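output the structure for:
(2 chains)
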Amino acid sequence: MATIEIDIVSAEGQIHHGQASMVFAPAEMGEVGIAPRHAPLLTRLKPGAVRVKGVDGVEQAFFVGGGILEVQPHLVTVLADTAIRAKDCDEALATEAKRRAEEKLSNAKSDVDLAKAQAELMQAAALAEFLTKIKKSTH
Amino acid sequence: MAGAKEIRSKIKSVKNTQKITRAMEKVAISKMRRAQVRMTEARPYAEKIRRTIAHLSQANTEVTHPFMAERPVKRVGVLVVSTDRGLCGGLNTNLFRQLTRSIREWRDAGIDAEYAVIGNKGLSFFRRVGGQVVAQNSNLGDKPHIDQLLGAIKVLTDAYREGRIDRLYLASTQFVNTMTQRPGVRQVLPVQPDAGVQKLADNWDYIYEPSAAELLDTVLQRYVESQVYQAVVENVASEQSARMVAMKAATDNAGKIINGLQLAYNKARQASITKELAEIVGGAAAV
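Now for the predicted structure:
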């Protein structure tokens, strides 16, 4: 049986490495299933579960809070984000760093906090969903 | 006995200093171990994203991202990673020496530079020598999180996108081992893919979802972030091991000074006893 190599990594460490017969990932445009010898694909991931069906048919699930998925015919790489990301959040962080360079007083973090809270909420919701699914499947 | 008393109080003060340096050494040892673990944990991500970038550079993309294209250099951006605190040997000094050399080279070639600084020491360096600091972040602590770095990174990558800078460098200390840390100024943008990567089939391209431009942007931005994060984590490990070595040397030196002072004290005490005896004997002989 053909297999595909799967690597799931985040900046805080390696999460999973092994051979799989099928990988499912929550791509931005909808969930994708990747079988061995899949065409090269590059896409962003939403917060959700990456499911890896091993060679023995056992399925394992990993939660990712977003990231990047790279597919080569022999290889799947999931670059998971650890930081809570949102576009306007990055923007606010940049202005913050700029401002800090000018003056070293900081109190007004409301923009950052708001954007971050929104992204955090999205991730938390996805995590909650993931956990309930796992619960259901084990019962 | 005046000399002896002075020496005794001096010994006491050196002993106190020794206690402090010994405590700092112990603290640095335990922090270093944790920092090293964090460093090795960050490595897989950096490796994998570098592999993805290498694949990407082989693909026949219809768009060329500015992060991958060379252009004439008129101005460069440098992200400087330094420590927040001192007492870590020549760690920062060595880095700044290396950096000064690069700055001089750029200046000779008529290239301007702007800086984003991480760490207090870097900030005070630029305050001293001058230079345009466009972003800064310090007091990251021993467990730096990527969140804390995003702002400073974005300022420079945006400058690169807008064409304000034509190259992005990272000035930081690489951790080799406990005794050796190597300062260096490395190019981050435009991306220079590793040469030693497996050659893929000719003439292929990714399926991009949603669009190639957007995805390349995300991947390359993450790549820069992971490089910087790796540098910051390595810097923490370097800082702790440099401090450990420096404090060990300080503790040893304090021990040597104490030995010397102890010898001087003993001599002074002996001299005063001998003098007293001589006086008594002299007095007895006179009677």
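
any idea how many residues pack against B:Ser226?
21 (other C-beta atoms under 10 Å in any protein chain shown). The C-beta positions use only the backbone N, C-alpha and C, and glycine is treated the same way.

burial check on the residue in chain A that chain B sits nearest to, number of neighbours?
Nearest residue of chain A to chain B, counting by C-beta to the nearest C-beta: A:Ala97, 3.2 Å away. A count of nearby residues for A:Ala97, using other C-beta under 10 Å, gives 25.

pretty sure it contacts B:Gln136?
Yes. When contacts are counted by C-beta atoms under 8 Å, A:Ala97 is listed as touching B:Gln136 (6.8 Å).

now do the shared contacts for the two.
When C-beta atoms under 8 Å, 6 or more residues apart in numbering or on different chains defines a contact, the residues bordering A:Ala97 and B:Gln136 alike are B:116, B:152.

next, the closest residue to B:Arg164 other than its chain neighbours: phi, psi?
Leaving aside its sequence neighbours, B:Arg164 sits nearest to B:Arg75 (C-beta to C-beta, 6 or more residues apart in numbering or on different chains; 6.7 Å). Per-residue torsions, B:Arg75: phi -150, psi 140 (degrees, to the nearest 10).

on that earlier part again, can you tell me the SS state at the residue of chain A closest to chain B?
Judged by DSSP: H, G, I helix; E, B strand; the rest coil, the three-state class of A:Ala97 is helix.

ok, and the closest non-adjacent residue to it?
Closest to A:Ala97 by C-beta to C-beta, 6+ apart is B:Gly151, at 3.2 Å.

and the one you found, that's in a helix?
Yes. Looking at B:Gly151 with three-state DSSP, it is inside a helix.

pull the distance from stretch A:7-27 to the chain's centre.
How far stretch A:7-27 lies from its chain's middle: 10 Å, per C-alpha atoms, centre = their mean, to the nearest Å.

buried ones in that stretch?
Residues A:7-12, A:14-15, A:20-27 are the ones in stretch A:7-27 that count as buried (16 or more other C-beta atoms under 10 Å in any protein chain shown).

what does stretch B:20-39 give?
Under 16+ other C-beta under 10 Å, the buried positions of stretch B:20-39 are B:21-22, B:24-25, B:28-29, B:31-32, B:35-36, B:38-39.

per-residue confidence at B:Arg38?
pLDDT, B:Arg38: 89.

my bad, should have said A:Thr132
For A:Thr132, the predicted pLDDT is 71.

and it, how many neighbours?
Neighbours around A:Thr132, by other C-beta under 10 Å: 10.

mind telling me what element it is part of?
Following DSSP states H and E, one finds A:Thr132 within helix A:110-138.

B:Gln227 reaches B:Val188, doesn't it?
Yes. Between B:Gln227 and B:Val188 there is a contact under C-beta under 8 Å: 5.5 Å.

which neighbours do those two share?
Shared contacts of B:Gln227 and B:Val188, defined by C-beta under 8 Å, 6+ apart, comprise B:Leu170.

contacting residues around B:Tyr208?
Counting by C-beta under 8 Å, 6+ apart, B:Tyr208 touches A:41-43, B:214-215.

wasn't it part of a helix?
No. Counting by three-state DSSP, B:Tyr208 is not part of a helix but strand.
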